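Visitor: sequence first, predicted coordinates after that:
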Amino acid sequence: MENFCPILFLLHCYLLSYSFAMETASTNMATDELSLFALKSHITFDSPRNTLAKNWTTKTPVCNWAGVTCGTRHRRVVALDISEMGLAGSIAPEIGNLSFLASLNMAGNSFGGDLPEELGGLRRLKVVDFSSNNFSGEIPKSWFGNMTRLEELNLQNNSLSGRIPQEISHLHSLKTLNMGSNNLDGTIPPFLFNMSTLEVIYLTDNGLSGSLPVDMCSHKISVLADLDLTNNMLSGQIPSSLSQCSQLQNLRLQFNSFKGSLPREIGNMTQLIELHAQNNSLEGSIPLEIGKLYNLFSLDLSWNHLSGPITPVITAMRNLSSLFHLYLFDNHLYGPIPSEIGELTSLMFLNLRKNQLTGQLPETLSNLSSLEFLYLSKNQFSGTIPLGLFQTSINDLDLANNTFEGSIPSNIGILGSMNYLNLANNNLSGPIPSTIGNMSSLSLLHLFSNNLTGEIPPSLCNLSSLYYLHMSKNRLEGVIPECLGNFSSILAVLNLKENLLHGVLPTNFAEDNSLLYLNLNGNKLVGKLPKSLLNCGKLQFLDLGNNEIQDTFPYWVGSLPELRVLVLSGNRFHGKVSPSSSTKLPFPKLQIFDLSANMFTGPLPDEYFKNFVAMANVKINVTDKGRWFSTYREPVSLIVKGSKNEVQRILITFTIIDLSRNKFNGRIPFSIGNLNSLVYLNLSSNNFTGGIPTSLGDSAAVEALDLSFNQLVGEIPWQLTDLTFLAFLNLSYNHLVGPIPKPVGQFITFETSSYLGNPGLCGFPLTNKCGGDDKRSPLLPDEDDDIFHGFTWKLVVAIGYGCGFVLGVVLGCLMFIYRRPMWLLNLFFGVENKIKHN
């Protein structure tokens with residue numbers, strides 16, 4: 001019995017202890033629950049499935065809540081993972097009460113506001129991931145005093161600002177630091193490169209500036225394996241001490257402003273797998289020590305100012321058996337590619353475009369059995385294209401802008417999986433091989449600006465995946481294969497301009513096709529425009545200029561909803577330009593309207609000028625801008641400012657009307673002034689009569705105005721002096737009279753040549769001086785001017801100045817009573833004009 005009492009006492013103590021522990025655990029668990037409820041209350045948008053609303057309730061134990069993990073010993077919340085749940089809101093400060101929390105992952109949501117200071121009290125935290133949210137403000141310095149166990153800190157892809165806190169140096173267990181894609185500024189703290197535990201540093205896409213520390217990695221204790229400083233504003237030289245980060249595997253320094261040469265010591269970083277330093281200002285030669293980086297998988301030094309011969313560089317790399325990407329484009333490298341290139345047997349991507357490389361391509365390129373992407377354009381390569389190149393598994397081949405000669409190899413058809421073939425701007429000759437029709441995967445075919453001859457092979461119509469077909473500026477002849485109108489439902493660009501093609505246009509353009517750009521300018525095509533063009537509902541660019549097409553004006557083209565460019569110049573179109581009565585708003589997006597050098601007759605269509613909405617009040621719409629040939633830059637030839645020009649890229653704001661060298665007659669419509677975004681207007685070499693419309697002064701964007709070689713009469717409207725952008729003016733060879741408007745604005749810059757052939761003109765810059773003090777009456781408006789749409793006292797005053805106040809008032813009253821009788825106006829103005837001319 002005596003022995004039994006101590007046992008009872010011990011049991012009682014244990015029960016009391018257990019009861020206390022359970023009560024404490026219950027209390028602490030309630031704290032965790034309340035903290036998570038507080039977090040839930042700050043969430044303004046739950047997931048589409050309302051996960052938290054349904055699951056985070058008092059009916060469910062906390063440890064069973066979605067995203068919550070509890071420890072087995074204390075049953076406290078040790079991990080919270082609510083990533084990628086589509087949540088929005090802010091983080092409640094009560095999250096700092098989760099004192100056992102070791103891992104916090106809220107990535108991939110839409111949380112915003114400041115990062116909570118209270119996290120700094122969670123000394124057990126090892127992982128914090130707030131990436132891909134909308135957090136703003138500065139990174140709290142208070143975090144880093146107690147988080148001594150933190151191993152991973154991921155704040156990527158937010159809107160955080162300020163500098164990288166120095167206090168991060170206290171995190172002696174930190175392995176991964178990711179602060180990429182924020183708005184951080186200032187310099188990179190030097191201590192980051194000497195933290196003995198740090199393995200990964202991602203600081204991409206910020207506003208960091210300054211240079212890298214000269215002594216980075218100098219303590220030789222760094223285990224840094226991944227350093228990404230892409231897209232900042234870093235400058236200065238790449239320090240040679242970087243090579244002491246001997247464990248580095250991935251080094252990304254691209255899209256900064258580093259200058260100087262690549263340090264030769266980089267060859268000591270034998271663990272490197274990826275070395276990217278493109279888009280900087282590096283200069284000098286490529287260090288041959290790169291040839292020691294036997295693990296190198298990807299090398300990109302493009303978009304720099306590197307120079308020197310390429311031969312020793314490739315030779316030094318011959319043993320890099322793992323090299324997969326080699327990008328050295330847009331530098332100043334020169335010389336021939338050595339045959340050793342064929343030893344890089346793992347190479348899949350080779351881009352050496354836009355250098356000064358010369359010589360023939362080595363036959364050993366055919367040894368690169370893994371090569372799929374070869375870009376050598378914009379160099380000075382010569383000779384013939386190696387036949388073996390077309391026996392590889394190549395997918396993209398770009399040899400444009402060199403001086404290759406000879407014919408296109410007939411075995412090109414072997415490359416059935418090729419997607420991209422660009423041989424443009426060379427000296428290739430001979431016919432296009434019919435085997436090209438076997439390249440069934442081809443989406444882009446550029447053969448323009450060569451000396452290719454023969455007919456277009458009908459086998460091209462087998463290329464049902466073709467998106468771009470550009471064969472302009474060759475000597476191709478024969479007729480255009482009829483099948484080119486409907487062989488591909490995705491063909492967007494068809495350019496055959498400046499060849500020797502004859503016959504008629506294809507007549508069977510397929511319904512709902514994808515054609516955006518059709519250019520057949522500069523051939524010998526005849527016949528009429530096929531109405532199947534109406535099936536090209538996406539067509540934006542139609543250039544049929546400089547052919548021998550005989551037709552009337554194709555008014556029906558006005559119903560194409562996306563058409564922006566219509567060039568029919570230099571053909572044999574004839575008759576009147578009359579709008580279609582069935583199309584309410586013709587040419588809704590037209591920017592370039594070129595009918596020059598044809599045989600059109602009759603008056604100009606007033607309805608068109610009233611409805612060219614794309615030439616009035618132009619505002620750049622982001623959506624339209626993205627759709628308008630954002631990746632296609634083929635120039636269009638236009639007569640601008642009296643000479644032929646090639647407009648390299650047509651922007652939304654570029655607008656032009658060229659109706660010159662026809663037989664149009666009648667008055668220039670007053671409605672042309674509605675086109676206040678018109679940039680170039682050429683109505684020269686026609687038979688226009690009447691005066692220059694005063695409304696042209698409302699065409700505020702006009703830069704070039706050519707009305708020469710017509711039958712225009714009257715004075716030059718002073719309203720033209722309001723055209724502040726006018727850089728070219730040609731009014732020569734008309735019947736204009738009176739003083740040239742006072743030389744203000746752009747009129748100061750115009751020379752005598754702007755007014756030749758008008759003997760009745762006087763004043764600056766002509767030698768013919770005007771009589772008196774060069775004063776003149778305000779120019780009377782055109783008959784269709786708004787002033788004639790009702791009675792105005794301005795007209796009475798004008799009449800009063802001309803023949804006396806009393807007579808003016810009398811005539812004004814008669815106009816008021818009889819609603820401006822035209823016989824009276826003609827009588828009066830005719831008399832006044834006779835008085836003036838006498």
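Guide: Thanks, I have the structure now.

Visitor: please count neighbours and contacts with C-alpha atoms only from this point.
Guide: OK.

Visitor: let me see the ranges of the strands in the stretch 651-800 of the chain.
Guide: 656-658, 663-667, 680-682, 687-689, 704-706, 713-714, 728-730, 735-739, 760-762 (DSSP state E, counting those that start in this stretch).

Visitor: turn these into a markdown table, including mean pLDDT, distance to residue 54 and mean neighbour count.
Guide: Shown next, in a markdown table, are the strands of the stretch 651-800 of the chain (pLDDT from 0 to 100; distance: least, Cα to Cα, whole Å; neighbours: other Cα atoms under 10 Å):
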| stretch | mean pLDDT | distance to residue 54 | mean neighbour count |
| --- | --- | --- | --- |
| strand 656-658 | 94 | 63 | 22 |
| strand 663-667 | 96 | 76 | 20 |
| strand 680-682 | 95 | 65 | 23 |
| strand 687-689 | 97 | 79 | 22 |
| strand 704-706 | 95 | 69 | 21 |
| strand 713-714 | 96 | 83 | 18 |
| strand 728-730 | 95 | 72 | 21 |
| strand 735-739 | 96 | 85 | 21 |
| strand 760-762 | 95 | 87 | 20 |
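
Visitor: now distance to residue 168 too, for those strands, in a markdown table please.
Guide: Below are the strands of the stretch 651-800 of the chain laid out as a markdown table (distance: least, Cα to Cα, whole Å):
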| stretch | distance to residue 168 |
| --- | --- |
| strand 656-658 | 61 |
| strand 663-667 | 78 |
| strand 680-682 | 61 |
| strand 687-689 | 79 |
| strand 704-706 | 62 |
| strand 713-714 | 81 |
| strand 728-730 | 64 |
| strand 735-739 | 78 |
| strand 760-762 | 80 |
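
Visitor: of these, which approaches residue 408 most closely?
Guide: Comparing these by their distance to residue 408 (Cα to Cα), the top pick is strand 656-658, with 39.6 Å.

Visitor: pairing partners for the closest one, with directions?
Guide: Using DSSP bridges, strand 656-658 pairs in its sheet with strand 592-594 (parallel), strand 680-682 (parallel).

Visitor: next, the contact list for residue 230, please.
Guide: Going by Cα atoms under 8 Å, 6 or more residues apart in numbering, residue 230 touches 203, 204, 205, 252, 253, 254, 255, 256.

Visitor: does it sit in a helix, a strand or a coil?
Guide: Here residue 230 takes the coil state, with states given by DSSP: H, G, I helix; E, B strand; the rest coil.

Visitor: quick check: it vs residue 207, distance?
Guide: In this view, residue 230 and residue 207 are 10 Å apart by Cα to Cα, to the nearest Å.

Visitor: same deal with residue 668?
Guide: Relative to residue 207, and taking Cα to Cα, residue 668 is found at 56 Å.

Visitor: what's the answer for residue 692, then?
Guide: 56 Å.

Visitor: neighbour count for those two, which is higher?
Guide: Regarding residue 692 and residue 207, a neighbour count based on other Cα atoms under 10 Å identifies residue 692 as having more, with 24 against 20.

Visitor: for residue 353, which non-adjacent residue is closest in space?
Guide: Closest residue in space to residue 353, ignoring its immediate chain neighbours: residue 376 at 4.3 Å, by Cα to Cα, 6 or more residues apart in numbering.

Visitor: burial of the one you found, as a residue count?
Guide: Other residues near residue 376 number 22, with proximity taken as other Cα under 10 Å.

Visitor: pull the contacting residues for the nearest residue to residue 101 once chain neighbours are set aside.
Guide: Closest residue in space to residue 101, ignoring its immediate chain neighbours: residue 78 at 4.1 Å, by Cα to Cα, 6+ apart. The neighbourhood of residue 78, defined by Cα under 8 Å, 6+ apart, consists of 68, 69, 70, 71, 98, 100, 101, 102, 103.

Visitor: now do the helices in this protein.
Guide: Using DSSP state H, the helices of the chain run over 4-41, 51-55, 311-316, 606-611, 622-627, 793-803, 805-818, 822-837.

Visitor: residues touching stretch 345-354, excluding its own?
Guide: Residues outside stretch 345-354 that contact it (Cα under 8 Å, 6+ apart): 321-331, 367-379.

Visitor: ok, residue 301 touching residue 327?
Guide: Yes - Residue 301 lies in contact with residue 327 (Cα atoms under 8 Å); the separation is 6.2 Å.

Visitor: for stretch 439-453, what is the distance to the chain centroid?
Guide: Put simply, stretch 439-453 sits 25 Å off its chain's centre (Cα atoms, centre = their mean, to the nearest Å).

Visitor: quote the end-to-end distance of that stretch.
Guide: End-to-end distance for stretch 439-453: 20 Å, by Cα to Cα.

Visitor: ok, residues contacting it?
Guide: Residues from elsewhere that reach stretch 439-453, judged by Cα under 8 Å, 6+ apart: 413-432, 462-477.

Visitor: how many neighbours does residue 49 have?
Guide: For residue 49, the neighbour count with other Cα under 10 Å is 10.

Visitor: now residue 48
Guide: Neighbours around residue 48, by other Cα under 10 Å: 9.

Visitor: next one: residue 282
Guide: Using other Cα under 10 Å, residue 282 has 26 neighbouring residues.

Visitor: same deal with residue 483?
Guide: When neighbours are counted by other Cα under 10 Å, residue 483 registers 18.

Visitor: kind regards, and thank you for your time.
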